[in-house]
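>>> pasting the structure only:
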């Protein structure tokens, strides 16, 4: 029986690797490590099907390192120790440090992660972890401090098109078939930036035609096939990314009925309640924000409540917060402001802090003008005085733009009354 197309198409070198050019492109971080054959421990954080496991295998192959793998779903502390012992035995004087690849490292318990610390610290193994969850929440601080975190992105339509072309022209089975691609919109849409999902869909559609028939891929056929086989392209449980997307977009769109429906889908499907609670916190800050600051407080309290009371009762605060967020007024002004700030920092670099805002703990700093002419806001009426707080080159820059809702209108009115030369 032939292997699945996604497995048959797994690249063996960076030349065949698709996507993540911000990491593996010329001069980029992982490319430099591979070219120098000096690999530091790191964790790859990104959605499924974007090449995390493949990249780890390519790195091991390119550097000639012994490669050990462990799944956090099935492995325990004993398995970690056994592999570390094997890694020690496989190390010789001039041989590169063995690589230990842990898939779904976010599922490791604290004790399992603790068991890795010494081996990583001493350089017995180079740890490469893969996770679909934010490492800040799921990886213990001591281990996180020993690893660089690299963010992998969903594949773009251009990446998916390249992957599709490779599959049709290079796969030993498909290239013998007559396959006509008429349209790719539905194919790329259902793939959702997931390369494995794309290849599974192509494999399913091709196999639905007789070997001597012309296999046609177009929007209608893709949609029909996926409706008839709703889980055929989702063999690894990745549907939860589609459902969480629908959940968050329903909240953003102020549809409590849809939001609670998608919550029900996740609860009935056995989704991790903390995963849902974290998404509620993000939604409260990103989509509701200053229009209703209480939303973030409630979302954060929900996360704590779920941890305290467990399951299945945890579904109740999740439902309460879901409905509250969906019904709340919406604003993304804080989200837009921090994104604009980060973009500006990237463009302008490390601009100097104005002298009057600098700390002056020593006489030399005071003599150099640090802190001179700073005006203490509490010494003035309304605890406000007009002075410059941004770097000189950005002194007239606006980053926060209050939006049209009652809560932010009050903030805008106050700011406009204080800052006569700014328009909020």
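Sure, I can see it. Because the structure is predicted, anything quoted here is derived from the model rather than measured.
>>> lowest average confidence, helix or strand, in the protein?
Taking mean pLDDT, DSSP states H and E as the measure, the chain has helix 363-367 as its least confident helix or strand, at a mean of 76.
>>> which other helices and strands contact that one?
Helices and strands touching helix 363-367, as assessed by 3 or more CB pairs under 8 Å, 6 or more residues apart in numbering; DSSP states H and E, are absent. In short, each C-beta sits where N, CA and C put it, glycine included.
>>> what's in contact with that helix?
Contacts of helix 363-367 with the rest of the structure, by CB atoms under 8 Å, 6 or more residues apart in numbering, involve 358-360, 371-372.
>>> Make TSV from the residues you listed and add distance to residue 347 and pLDDT to it.
As requested, these are exported to TSV (distance: CB to CB, whole Å; pLDDT from 0 to 100):
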residue	distance to residue 347	pLDDT
358	23	83
359	26	82
360	30	76
371	28	78
372	29	83
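>>> For the buried ones among these, write the corresponding ChimeraX selection.
Per 16 or more other CB atoms under 10 Å, the buried members of the contacts of helix 363-367 correspond to this ChimeraX selection:
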select :360
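>>> Out of the contacts of helix 363-367, which is nearest to residue 284?
Closest approach to residue 284 among these (CB to CB): residue 359, at 34.0 Å.
>>> thinking again about what came up before, which two of the contacts of helix 363-367 have the greatest separation?
Among the contacts of helix 363-367, the pair separated by the greatest distance (CB to CB) is 359 and 372, at 12.1 Å.
>>> just to revisit the earlier point, pull the distance from the least confident helix or strand of the chain to the chain's centre.
45 Å (CA atoms, centre = their mean, to the nearest Å).
>>> how close does the residue of the chain positioned farthest from its centre sit to residue 352?
In the chain, the residue that sits farthest from the middle, by CA atoms, centre = their mean, is residue 367; the gap is 47.0 Å. Plainly put, residue 367 is 18 Å away from residue 352 if you go by CB to CB, to the nearest Å.
>>> Might you report the residue contacts of the residue positioned nearest the centre of the chain?
For the chain, residue 46 is the residue whose C-alpha lies nearest the centre (CA atoms, centre = their mean; 4.7 Å). Applying CB under 8 Å, 6+ apart to residue 46 gives the contacts 52, 132, 151-154.
>>> And the closest residue in space to residue 166 that isn't next to it in sequence, how close does it get to residue 383?
Using CB to CB, 6 or more residues apart in numbering and skipping residues adjacent in sequence, the residue nearest residue 166 is residue 9, 6.6 Å away. Distance of residue 9 to residue 383, computed by CB to CB: 63 Å.
>>> In terms of packing, which of these two has more residues around it?
residue 9 (23 against 10; other CB atoms under 10 Å).
>>> Do I have it right that that one meets residue 167?
Yes: the criterion here is CB atoms under 8 Å, and residue 9 meets it with residue 167 at 5.6 Å.
>>> Need the overlap of contacts for the two.
Jointly contacting residue 9 and residue 167 under the rule CB under 8 Å, 6+ apart are residue 199.
>>> Poorly predicted segments of the chain, please.
1-2, 72-76, 91-94, 228-240 (pLDDT under 70).
>>> Which parts of it are strands?
In order along the chain, the chain carries the following strands (DSSP state E): 42-45, 67-71, 99-103, 126-131, 148-151, 179-181, 215-217.
>>> Against which helices or strands is the fourth one packed?
When contacts are defined as 3+ CB pairs under 8 Å, 6+ apart, strand 126-131 packs onto strand 42-45, helix 52-63, strand 99-103, helix 110-122.
>>> I'd say residue 386 and residue 420 touch.
Yes: counting by CB under 8 Å, residue 386 does reach residue 420; the two are 7.4 Å apart.
>>> Pick out whichever of the two has more residues nearby.
Neighbours were counted for residue 386 and for residue 420 using other CB under 10 Å; residue 386 has more, 11 against 8.
>>> Report the contact partners of the more buried one.
By CB under 8 Å, 6+ apart, the residues touching residue 386 are 418-421.
>>> Distance of it relative to residue 158?
49 Å.
>>> Same check on residue 247?
Look at residue 247 and residue 158: by CB to CB, they are 28 Å apart.
>>> And for residue 7?
23 Å.
>>> Could you check how many residues crowd around the nearest residue to residue 242 once chain neighbours are set aside?
Nearest non-adjacent residue to residue 242, counting by CB to CB, 6+ apart: residue 192, 6.5 Å away. As a burial measure, residue 192 scores 18 neighbours (other CB under 10 Å).
>>> my guess is residue 192 contacts residue 243, does it?
No: counting by CB under 8 Å, residue 192 does not reach residue 243; the two are 11.5 Å apart.
>>> contacting residues for residue 143?
Residue 143 neighbours (CB under 8 Å, 6+ apart): 113-114, 116-117, 120, 127.
>>> And those residues, which is closest to residue 68?
residue 127 (10.3 Å).
>>> Report the beta-bridge partner residues of that closest one.
For residue 127, the beta-bridge partners are residue 100 (DSSP bridges).
>>> show me the contacts for it.
So residue 127 contacts 41-43, 99-100, 102, 116, 119-120, 143, 146-147 (CB under 8 Å, 6+ apart).
>>> Distance to residue 214 added to those, as TSV?
Shown next, in TSV, are the contacts of residue 127 (distance: CB to CB, whole Å):
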residue	distance to residue 214
41	49
42	45
43	45
99	44
100	47
102	44
116	52
119	54
120	53
143	52
146	54
147	49
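>>> Closest one of these to residue 15?
Proximity of the contacts of residue 127 to residue 15 (CB to CB) peaks at residue 99, which lies at 20.3 Å.
>>> neighbours of that closest one, just the number please.
22.
>>> pretty sure it contacts residue 56?
Yes: with contact defined as CB under 8 Å, residue 99 reaches residue 56; the gap is 7.1 Å.
>>> Now do the shared contacts for the two.
With CB under 8 Å, 6+ apart as the test, residue 99 and residue 56 both reach 67, 128.
>>> Would you write a PyMOL line that selects the buried entries of the contacts of residue 127?
The buried residues among the contacts of residue 127 can be selected in PyMOL (16+ other CB under 10 Å) with this line:
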select buried, resi 41+42+43+99+100+102+116+119+120+143+146+147
